[in-house]
Structure formats: structure tokens, C-alpha cells
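> Predicted model, plus sequence, below.
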Amino acid sequence: MNGNLIIKNAAELVTCSGFKAKKGKEMADLHIINDGAVIIKEGVIEAAGKTADIEKQLNKIDLDRADFDIIDARGKAVLPGLVDSHTHLVFGGYRAEEFSWRLRGDSYMEIMQRGGGIVNTVNATRLATAEELIQSAIKRLDSMLSFGVTTTEGKSGYGLDRDTEIKQLEVMAHLDQIHYVDVVPTFLGAHAVPEEYKGRQDAFIDFLLKDVMPTVANRKLAEFCDIFCEKNVFSVAQSRHLLSRATDLGFKLKLHADEIVQLGGAELAAELGAVSADHLLQASDKGIKDMAAAGVVATLLPATAFSLKEPYAPGRRMIDSNCAVALATDFNPGSCFTESIPLVFALATLYMNISIEEAITAFTLNGAAALDQADRIGSIDAGKNGDIIILEFPSYHFIPYHIGVSTVEKVVKKGNLVFDKETGGIIYC
Ligand code: NIG
Ligand code: FE
């Protein structure tokens with residue numbers, strides 16, 4: 001595995017070209033090259049263009065072609081690897097029982113208020129060993145990879161105490177090392193109020209600020225700090241307090257904002273210059289305007305709305321208001337137990353009035369921007385990581401059309417073929 005690869009004759013090379021988030025109308029522009037080719041050298045994209053032009057270039061530049069693997073992508077569409085920019089992939093236990101209560105009519109917040117929900121997973125995650133968390137997360141990352149995900153974000157937030165929060169983040173650092181999928185860690189200590197701080201939210205926030213976050217920052221265990229800004233969880237004022245201090249400690253910011261109740265989370269994200277605000281089912285018109293002006297990526301998680309039977313976020317209105325929109329799964333054991341990218345594509349295109357092109361930008365370049373990595377991943381441009389997916393169909397139009405089924409045949413990570421449906425799945429080296 002040397003990261004040297006040439007992919008040629010692609011029916012559609014969907015480059016998604018760009019180095020920063022695409023806003024509004026720009027999201028529909030995928031920069032497609034018909035009969036395209038890509039050269040990846042030592043894991044980094046060296047050139048992309050028409051196959052004929054790339055072949056001419058190959059003759060000119062000093063490449064030892066014997067050292068390059070070649071994939072003939074005739075009759076296939078080729079895209080950048082997908083970026084799942086919002087997940088909670090490291091956790092202990094499951095909450096299948098709560099799902100059946102929700103089917104009977106109990107709401108997510110009712111279950112949370114009577115001591116279930118996030119705190120239920122907290123108990124199981126505190127009890128789990130790091131090794132158990134690693135083993136369960138590897139299976140989840142394998143599944144994500146099969147859907148074409150080459151970078152994922154992962155949040156802590158199922159510890160709510162110092163040791164378990166750090167254990168979750170250490171597990172993510174380890175996963176990032178051992179798995180093909182890159183894992184970008186987010187500190188979400190303010191995910192819920194643990195039993196021991198019941199009714200004392202402010203004291204819990206002080207505990208996170210004094211006893212946990214300095215260590216997380218010093219050890220560089222998380223790039224982002226996130227908070228569940230929601231009625232009966234953390235208020236806008238508490239979120240502002242925690243997140244402004246997080247900025248001082250060197251964290252970039254994300255928020256779980258305006259998910260169930262319109263609290264003003266979108267406005268707060270814009271005020272604080274957050275990289276992304278996520279969920280946003282109830283975002284106000286002012287919040288949408290503020291996010292567009294401040295360049296906050298609006299990260300929409302339609303599988304969660306679907307699973308909670310809540311109305312979808314106003315994605316169309318956000319794009320028409322010149323926001324940069326990203327899509328992600330929100331994979332977690334409670335509100336949204338799915339890592340299914342095909343489900344999210346189906347919901348976004350069929351129920352949120354987001355076009356196929358916009359949805360692809362939302363899962364590639366804008367997903368990368370939601371992780372502040374649009375300069376490194378999320379498109380097929382020279383200088384970026386050679387993270388690429390090859391579909392089993394000739395056009396990107398098949399992605400949502402094949403409802404709920406993955407169209408990904410091959411996944412290339414940093415120039416190495418790491419997943420191939422044709423030869424039985426993940427390729428271990
Ligand atoms: O993004 N909304 C808060 N947090 C997660 C759910 C976590 C859980 O239920 O375990 C979410 O939906
Ligand atoms: Fe979430």
C-alpha cells in the first residue's frame with residue numbers, strides 16, 4: 001500500500017472542486033468531468049482531468065508508472081470520499097427498549113426527563129472498558145466505510161465525568177490511528193446533566209471548564225467543543241458561557257442548536273463564530289440569516305428528524321438564504337441509531353427539497369468545511385487527500401435513486417483501495 005494510484009476512464013468524475021464551503025447557489029455546482037481520470041501520488045491527489053489529458057501528462061512527468069496501481073472506472077461515477085461530520089460513534093450499551101417506547105408515543109424529551117435517554121448510555125459507557133468501546137466502534141467504522149465515508153467526526157458526551165469523557169476521546173484517537181476512516185474528535189461534555197449534578201447545571205459547567213477541558217485541550221484530545229443547547233438541557237446563556245471559554249482554550253466550536261425548541265442556538269452559533277450549527281429543525285429566519293452572514297455551516301441531520309418523527313430542518317430555505325449546508329447521519333444510540341448514508345440522501349432529496357447536486361456537496365466539500373478541513377478533503381482537487389469513491393453506476397444520479405441501498409462499489413483512502421464490494425468488502429493490509 002504505497003498510495004500511488006491512477007483512476008481512469010470514469011464515466012463521470014464528480015470533482016466537487018473547491019477549497020472552502022459552498023454557499024447557496026454554489027452548492028449545485030459539482031464540476032463534473034466526463035471521461036475523467038485522477039492521479040494520486042503517495043496518498044495525495046496530483047492531478048484530475050480528462051483521461052486523454054491526464055495520459056498525456058503522465059507521459060511528460062517523471063512518474064514510475066510501474067509503481068502505480070490502475071483502476072479502470074469505465075461505466076462508473078467517481079466522487080470524493082464522503083464526510084460524515086456529525087456522529088456519536090463511541091458508546092456503550094444500546095437503547096432498543098427506548099425506541100419501542102417512542103413507537104408507543106413517548107417523546108424523546110419525556111424519556112430523557114425521566115432518567116432515560118443520554119444518561120442511560122452514560123451509565124453503560126462508564127462501565128465499558130476502552131477495549132470494549134474500541135471493538136464496537138471498529139464495526140461501526142467498517143459499516144461507515146462501506147457507505148463511502150472516508151472521514152467522520154465523533155463526539156464524547158457519554159461520560160459526563162472526567163475519566164469517561166477522556167476515555168471516549170482516547171478511544172477516538174486510537175480509532176483514528178488503526179482504522180482507514182479518519183476520526184475527528186469533538187468534546188461534548190455538556191451533552192446532558194449527569195445524576196450527580198441534577199438541578200445544578202451551572203456547577204456542572206464550571207466542573208467541565210475547570211476539571212476536564214484544560215486537560216482535553218492540553219492533550220489535544222479534541223478539535224471541537226460542542227454543547228446540547230436545548231430547553232431543559234443547557235440554555236443559550238450557559239452555552240455562551242461554556243463555548244466562549246472553550247474558544248479561549250483553543251477549541252473550535254459546534255452546537256446542537258434549535259433541535260426541538262427554537263431557543264436561538266443558530267443566532268448564538270453566528271455570534272460566536274462557530275464552525276457549524278447542527279440539527280436546526282426549529283431555526284428562526286433571523287438565525288438562518290445570521291448563519292449565512294457569519295459563514296457558519298448549517299449541518300442538517302434528517303435521519304434524526306425521521307427517527308424522532310419531527311419536521312425536517314428547513315434546508316431549502318437555508319440554501320435559498322445563501323447558507324452553506326452540510327448533511328450528516330448523527331449516528332447515535334438514542335435519537336438516530338443509523339449510520340446509513342443512503343437513508344440520509346433519500347430523506348434530503350425526497351422530503352427536504354434539496355437537489356441531488358446540493359446533497360452531494362453537503363456530504364463532501366461542505367461536510368469537510370463543517371470539520372474545518374475543506375482545504376484538505378471533500379473534493380477531487382490537486383493537493384487534497386486521495387480519498388475517493390467509485391460507484392457501481394455511471395452517474396451520481398443513482399445515489400438517491402437507489403433508495404436506501406449503497407451504490408458504492410469501491411473506496412480509496414489516501415490512494416489505497418480499502419473497500420471493494422466486488423471482492424468481498426474491506427481490504428485489510
Ligand atoms: O444529536 N440531541 C442530542 N444528542 C444526540 C442524541 C444523543 C442520544 O440520544 O444518545 C443527537 O440527537
Ligand atoms: Fe448529535
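Ah, there it is. Ligands and ions are numbered 1, 2, ... in the order given.

> What parts of this structure come near ligand 1?
Proximity of the chain to ligand 1, by Cβ under 6 Å from any ligand atom, involves residues 88, 117-118, 121, 228, 256, 259, 304, 330, 332-336. Bear in mind the C-beta positions are built from the backbone N, C-alpha and C, glycine included.

> now those: which count as buried?
Neighbour-count burial (16 or more other Cβ atoms under 10 Å) applied to the residues of the chain next to ligand 1 gives 88, 117-118, 121, 228, 256, 259, 304, 330, 332-336.

> From Asp330, how far out is whatever residue of the stretch 1-150 of the chain ends up closest to ligand 1?
Residue of the stretch 1-150 of the chain nearest ligand 1, by Cβ to the nearest ligand atom: Ile118 (4.7 Å). To Asp330, Ile118 is 13 Å away according to Cβ to Cβ, to the nearest Å.

> likewise Gly75?
34 Å.

> Check Ser107 too.
Ser107 is 17 Å from Asp330, where distance means Cβ to Cβ.

> now the worst-scoring helix or strand of the chain on mean pLDDT: how far from the chain's centre is it?
Ranking every helix and strand in the chain by mean pLDDT, DSSP states H and E puts helix 51-60 at the bottom, with a mean of 87. Centre-to-centre, helix 51-60 and its host chain are 35 Å apart (Cα atoms, centre = their mean, to the nearest Å).

> Over to stretch 367-378?
Centre to centre, stretch against its chain (Cα atoms, centre = their mean), the figure for stretch 367-378 is 10 Å.

> just stretch 208-223 next, same as before
So, by Cα atoms, centre = their mean, the centroid of stretch 208-223 is 22 Å from its chain's centroid.

> Could you work out the end-to-end span of that stretch for me?
Between the start and the finish of stretch 208-223 there is a gap of 16 Å, counting by Cα to Cα, to the nearest Å.

> on that earlier part again, could you point out which element follows the least confident helix or strand of the chain?
Next helix or strand after helix 51-60 toward the C-terminus (DSSP states H and E): strand 69-72.

> quick one: buried residues of that following strand?
Across strand 69-72, burial judged by 16+ other Cβ under 10 Å covers 69, 71.

> Can you give the strand pairings for it, parallel or anti for each?
strand 5-14 (parallel) (DSSP bridges).

> and the strand it pairs with with helix 51-60, angle?
150 degrees (axes from the mean of the first three to the mean of the last three Cα atoms, to 10 degrees).

> Packing partners of the very next helix or strand once past strand 5-14?
Note on strand 5-14: by DSSP H and E, the next helix or strand toward the C-terminus is strand 32-41. Under the contact definition 3 or more Cβ pairs under 8 Å, 6 or more residues apart in numbering; DSSP states H and E, strand 32-41 sits against strand 5-14, strand 44-50, helix 51-60.

> other SSEs contacting the second one?
Strand 44-50 is packed against strand 32-41, helix 51-60, with contacts defined by 3+ Cβ pairs under 8 Å, 6+ apart.

> May I have it as CSV, with CA atoms only?
What follows is strand 44-50, C-alpha atoms only, in CSV (Å, rounded to 0.1, in the frame of the first residue of the first chain):
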residue,chain,number,x,y,z
VAL,A,44,-2.2,13.0,-2.3
ILE,A,45,-4.1,13.9,-5.5
GLU,A,46,-1.6,15.1,-8.1
ALA,A,47,-3.9,15.9,-11.0
ALA,A,48,-7.5,15.4,-12.2
GLY,A,49,-8.9,16.0,-15.7
LYS,A,50,-10.0,14.3,-18.9
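
> who's in contact with that strand?
With contact meaning Cβ atoms under 8 Å, 6 or more residues apart in numbering, strand 44-50 is reached by 3, 13, 15, 33-40, 54, 57, 380-386, 414-415.

> what comes up buried for that strand?
Using 16+ other Cβ under 10 Å as the test for burial, strand 44-50 gives 44-49.

> Please identify which residue in this protein comes closest to ligand 1.
Gly334 (2.3 Å).

> check contacts around Phe99.
Phe337.

> element containing it?
Using DSSP H and E, the element containing Phe99 is helix 96-104.

> what element comes up after that helix heading to the C-terminus?
Following helix 96-104 in sequence order, the next helix or strand is helix 108-113 (DSSP H and E).

> Measure how the helix or strand following that following helix sits relative to helix 96-104, angle-wise.
Using DSSP H and E, the next helix or strand after helix 108-113 towards the C-terminus is helix 118-127. Calculated by the same axes, to 10 degrees, helix 118-127 forms an angle of 170 degrees with helix 96-104.

> Show residues contacting the helix or strand that helix 118-127 is followed by.
The first helix or strand that comes after helix 118-127 along the chain, using DSSP H and E, is helix 130-146. Applying Cβ under 8 Å, 6+ apart, the external contacts of helix 130-146 come out as 84, 89-92, 125, 152, 154, 167-168, 170-172, 174-175, 178-181, 183, 331, 339, 341, 406, 408, 411, 418-419, 421, 425-426.

> now do stretch 189-205
Contacts for stretch 189-205 (Cβ under 8 Å, 6+ apart): 112, 115, 117-119, 122, 155-161, 165, 207-208, 212-213, 226-228, 233-235, 238-239, 241-242.

> and the spatially most central residue of the chain, what pLDDT?
Geometric centre of the chain, nearest residue: Ser85, 1.6 Å, by Cα atoms, centre = their mean. At Ser85, the model reports a pLDDT of 98.

> burial count for the closest residue to it other than its chain neighbours?
Distances taken as Cβ to Cβ, 6 or more residues apart in numbering put Ala370 closest to Ser85, at 3.9 Å, once the chain neighbours are dropped. Other residues lying near Ala370 total 33 when counted by other Cβ atoms under 10 Å.

> Quickly find the element holding Val78.
For Val78, the element it lies in under DSSP H and E is strand 77-80.

> Contacts for that strand, please.
Contacts of strand 77-80 (Cβ under 8 Å, 6+ apart): 7, 10-16, 36, 38, 148, 360, 364-365, 377-380, 384, 387-391, 393-396, 398.

> partners of it, with directions?
Applying DSSP bridges to the sheet, strand 77-80 is found paired with strand 5-14 (parallel), strand 388-391 (antiparallel).

> and Val171, what does it touch?
When the contact criterion is Cβ under 8 Å, 6+ apart, the partners of Val171 are 90, 130, 133-134, 137.
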